[in-house]
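Enquirer: show me how the following folds:
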Amino acid sequence: MKYQAWVAKAAKQPMVLETVDLGPLGAEDVEVAVEHCGLCHSDLSVLNNDWGISQYPAILGHEVIGRVTAVGPNAKGLKVGQRVGVGWNSGSCMHCHQCMSGSHHLCPQVQPTIVGHRGGFATHIRSHWAWAIPLPEKLNFAEAGPLLCGGITVFAPLAMYAKPTDRVGIIGIGGLGHMAVKFAAAYGCDVTAFTSSESKFDEAKGFGANHVVSSKDSAAIKKLGGSFDLLISTVNVKLDWDAMIGTLAPNGRLHVVGAVLEPIPVAAFSLILQQRSVSGSPTGSPVAIETMLDFASRHNVAPQTEHFPMSKINEAFARLESGKARYRIVLDADF
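Expert: As a prediction, the model looks like this:
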């Protein structure tokens, strides 16, 4: 089958609209007509080959909201017309230890949606049925795309490591961080937001933060020593990591979801003496994504978005790269 898609021919080049042939539908796959697709910073990183894993030509877009238009003969649980979401991954082997234990996102053969696979900046996308997640009816579908990558990225550490009584710190109030604050507040945690931009203080409180601290204020950070049960770093820049680890309570955890390219130096004794931990995680399994979407639907957690028609995709990428987007961008299909 032939469809239209916005194609990146090479790194750091504008995308062009082309007709692409998706070939026959796999036996366990579904085809989804794209209605909305979030634009994530990971799309920009893959476009620019910042991580060295990009494959061109590439069709980006991995925060897809759409309706099922075709179902393979061995696909399960989905039907034509059903509204689903497809996130960072669109397939896994379904038989390895990780898949069989429910950690499909850690499968050695997991298939990223935009690396070696055609993504969602197109009229249609293909996915293994298990990775096409049914959407709760109460979800705002036009705004929900960023939940499928950014949302699960910040929800996962809360689900794994936080309790409603915990004190949680969120480093960075951007595309990931603003959703982390919303989820942590809805979870019942006492939330402290760290931001380097004083212009975001009031916004952070509006997202649900109980406290806001400048990440540039060393004295204020020092006063928080021994405070946090969980500290989630959503930024991709170098921080004073010793100071941040110092804010952890005994048994506290620094969890990294922002893709910092520089190594994170950690003093062993700062972990050992207070039994602290440093960890990280990618997105999540299909069940984890479904749980996150249900939680978001029940608690009215949604990203703050700006919308562009998909025909303005290159302008949207420029907006994202400028750092001016508040806080996620969604492209609406207008083929």
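
Enquirer: contacting residues for the closest residue to residue 195 other than its chain neighbours?
Expert: Distances taken as C-beta to C-beta, 6 or more residues apart in numbering put residue 173 closest to residue 195, at 4.4 Å, once the chain neighbours are dropped. To be clear about C-beta, it is placed using only N, CA and C from the backbone, and glycine gets the same treatment. By C-beta atoms under 8 Å, 6 or more residues apart in numbering, the contact set of residue 173 is 181, 193, 195, 197, 200, 203, 204, 207, 327.

Enquirer: put the buried members of the residues you listed into a ChimeraX selection.
Expert: To isolate the buried subset of the contacts of residue 173 in ChimeraX, counting by 16 or more other C-beta atoms under 10 Å, use the following:
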select :181,193,195,200,203,204,207,327
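
Enquirer: tell me the one of the contacts of residue 173 nearest residue 41?
Expert: When the contacts of residue 173 are ranked by distance to residue 41 (C-beta to C-beta), residue 327 comes first, at 10.7 Å.

Enquirer: could I have the lengthiest helix in the chain exported to CSV, CA atoms only?
Expert: The single longest helix within the chain, with elements called by DSSP state H, is helix 286-299. Taking C-alpha atoms only, helix 286-299 is exported to CSV below (Å, rounded to 0.1, in the frame of the first residue of the first chain):
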residue,chain,number,x,y,z
PRO,A,286,2.7,-1.8,26.7
VAL,A,287,1.0,-2.5,30.1
ALA,A,288,2.9,0.4,31.7
ILE,A,289,1.8,2.7,29.0
GLU,A,290,-1.8,1.6,29.3
THR,A,291,-1.6,2.1,33.1
MET,A,292,-0.2,5.6,32.6
LEU,A,293,-2.9,6.5,30.1
ASP,A,294,-5.6,5.3,32.5
PHE,A,295,-4.1,7.3,35.3
ALA,A,296,-3.8,10.4,33.1
SER,A,297,-7.5,10.0,32.0
ARG,A,298,-8.7,9.6,35.6
HIS,A,299,-6.7,12.5,37.0
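
Enquirer: mind starting the numbering at 23 from now?
Expert: Happy to do that; since the first residue is 23 now, the last one works out to helix 308-321.

Enquirer: alpha carbons of the helix or strand following it, as CSV, please.
Expert: Using DSSP states H and E, the helix or strand that directly follows helix 308-321 along the chain is strand 327-331. Extracted in CSV, the C-alpha atoms of strand 327-331 (Å, rounded to 0.1, in the frame of the first residue of the first chain):
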residue,chain,number,x,y,z
THR,A,327,0.9,21.8,23.9
GLU,A,328,1.3,23.9,20.8
HIS,A,329,-0.3,22.7,17.6
PHE,A,330,0.9,22.9,14.0
PRO,A,331,-0.6,21.4,10.9
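
Enquirer: check which helices and strands strand 327-331 sits against.
Expert: Applying 3 or more C-beta pairs under 8 Å, 6 or more residues apart in numbering; DSSP states H and E, one finds that strand 327-331 contacts helix 335-344, strand 350-354.

Enquirer: for the first one, the distance to its chain's centre please.
Expert: Remark: helix 335-344 is offset 18 Å from the chain centroid, using C-alpha atoms, centre = their mean, to the nearest Å.

Enquirer: go on, the shortest one?
Expert: In terms of C-alpha atoms, centre = their mean, the centre of strand 350-354 is found 14 Å from the chain centre.

Enquirer: that's a strand at residue 28, yeah?
Expert: Yes: applying DSSP: H, G, I helix; E, B strand; the rest coil, one finds residue 28 inside a strand.

Enquirer: please name the bridge partners of it.
Expert: Note on residue 28: beta-bridge partners residue 39, judged by DSSP bridges.

Enquirer: where do the helices sit along the protein?
Expert: Using DSSP H, helices in the chain cover 63-69, 119-122, 172-183, 199-209, 223-229, 240-245, 263-268, 290-294, 308-321, 335-344.

Enquirer: where does pLDDT dip in the stretch 173-322 of the chain?
Expert: Applying pLDDT under 70 to the stretch 173-322 of the chain picks out no residues at all.

Enquirer: on that earlier part again, out of the helices and strands packed on strand 327-331, which comes closest to residue 52?
Expert: Once the helices and strands packed on strand 327-331 are compared by C-beta to C-beta, strand 350-354 is nearest, at 21.1 Å.

Enquirer: format the contacts of residue 195 as a markdown table; extra columns: distance to residue 333.
Expert: Formatted as a markdown table, the contacts of residue 195 follow (distance: C-beta to C-beta, whole Å):
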| residue | distance to residue 333 |
| --- | --- |
| 203 | 33 |
| 215 | 35 |
| 217 | 34 |
| 219 | 32 |
| 222 | 31 |
| 225 | 30 |
| 226 | 34 |
| 229 | 31 |
| 349 | 23 |
